[in-house]
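Engineer: Any chance you can model this:
(one chain, ligands or ions: 2)
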Amino acid sequence: MKSKMKAFICRGPKQFSLEDVELGEPEIGEVKLRVLYAGICGSDLSIVHGRNPFASYPLIPGHEFVGEVVESKDDSFQAGQIAAVMPVVGCGECESCRLGNVNRCRKVKLYGVHMNGGFAEYVLVKAKNLIPFEKPIQPNQAVFSEPLAVGVHANRINGTSQKDSIAIIGGGIIGSVILKVAKVLGAKSITVIDVIAERLERSLLLGAQDVINSSQNDLRELSKNQHYAGSFDSVFDIVGNDETLDIALDLLKPAGKLVLVAVPSGEKRNIDVLKIFSQEKVLTASRTYSREDFIRALELITTHQVYPSDFITREYPFSSIDFALDRAENSKNEELKVIVKM
Ligand SMILES: [Zn+2]
Ligand SMILES: [Zn+2]
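Structural biologist: Residues are numbered from 1 along each chain as shown. Ligands and ions are numbered 1, 2, ... in the order given. Okay, here's the model as predicted:
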């Protein structure tokens, strides 16, 4: 007889509930993980509300989770071990996968987006996607390694160094982890741009030297004025619309780098290639992370270079996950990262 578990199931846009569902058995190379903590991410909200082009319903969302192995069909793990899950799964055969860049695999899949994820009491995951950790690091800290890995990767793509003046368009959780990792890497100055005053206050606490509230200032004007125009080595764009991309190009120094971090909606964007060509500016992108980035993120937490408590603003029990999702969606001024204790 198959055992049952509680899971948060999304059956389509805005159709979700906590249900008792059957729990499968791990296949060779997989483990059954008892989820301890899960983080709520913008992409979970987009799945729940039907804004995510990659989601296939019915689905148990949640790609930020840590847990305890309760059953293992892989020699490298045994019951009782605690691990974070690197949720990006590649085909394992293409050149990107072979080089360790699974995030660039054409057949890439994520737990919680393409396959069932961590908003459940248990989840089946490939053992090779587990990143073990030990005390004194706690599961409610390790759960932050996933969003932090996004910041590690974006800064690796940028090649952030101590010489860099950086601008970040979008001061939510992704902008904040990029800011924090850039600080750890010793970036010379960091400017954060957002429309929400509370986020900008938090950015200053996290080490930004300058913030711009673009709901009170005309960003287009600012990007042309002497102080800001052509003054950044890199701009991370976490908004990614026609306007922010164009403004980002104006903010860059000659040969500066525009790193697109926003997940494109699928619409084509208008980019003024003359602005790129005339000063040899570089447009690149940062998508999720590699296993190496994920391990580095966990290490930043273990070595106290990053404190998850600076980012995690609220914790809910699993039974209140609908409140947690609502909070993350509708209280963006107060919440940065909401987590759920299973
Ligand atoms: Zn995430
Ligand atoms: Zn591949």
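Engineer: Grab the nearest non-local neighbour of the residue of the stretch 101-250 of the chain found nearest ligand 2.
Structural biologist: Nearest residue of the stretch 101-250 of the chain to ligand 2 (Cβ to the ion) works out as Cys105 at 3.1 Å. Backbone N, C-alpha and C define where each C-beta goes, glycine included. Distances taken as Cβ to Cβ, 6 or more residues apart in numbering place Gly90 nearest to Cys105, at 3.5 Å, with adjacent residues excluded.
Engineer: Could you measure from the residue of the stretch 101-250 of the chain closest to ligand 2 over to Thr302?
Structural biologist: 28 Å (Cβ to Cβ, to the nearest Å).
Engineer: Arg51 too?
Structural biologist: Taking Cβ to Cβ, one finds Arg51 at 35 Å from Thr302.
Engineer: Mind checking which of these two has more residues around it?
Structural biologist: Thr302 (16 against 13; other Cβ atoms under 10 Å).
Engineer: pLDDT score for that one?
Structural biologist: Here the pLDDT value assigned to Thr302 is 94.
Engineer: close enough to count as contact, it and Phe133?
Structural biologist: Yes. Counting by Cβ atoms under 8 Å, Phe133 is a contact partner of Thr302 at 7.1 Å.
Engineer: Is there a neighbour count for Pro317? I'd like the number.
Structural biologist: If you count neighbours by other Cβ under 10 Å, Pro317 ends up with 11.
Engineer: Could you do Gly266 as well?
Structural biologist: 6.
Engineer: gap between it and Phe54?
Structural biologist: Counting by Cβ to Cβ, the gap from Gly266 to Phe54 is 10 Å.
Engineer: Give the bridge partners for Pro317, please.
Structural biologist: Lys341 (DSSP bridges).
Engineer: i'd like the first residue to be 31 from this point on
Structural biologist: Okay, using 31 as the starting number, the last item reads as Pro347.
Engineer: In contact with Gln239, which residues are there?
Structural biologist: 219-221 (Cβ atoms under 8 Å, 6 or more residues apart in numbering).
Engineer: Dihedrals phi and psi, it?
Structural biologist: For Gln239, the backbone dihedrals are phi -80, psi -30 (criterion: degrees, to the nearest 10).
Engineer: So which residues on the protein come close to ligand 2?
Structural biologist: When proximity is defined as Cβ under 5 Å from the ion, the chain approaches ligand 2 at 120-121, 124, 127, 135.
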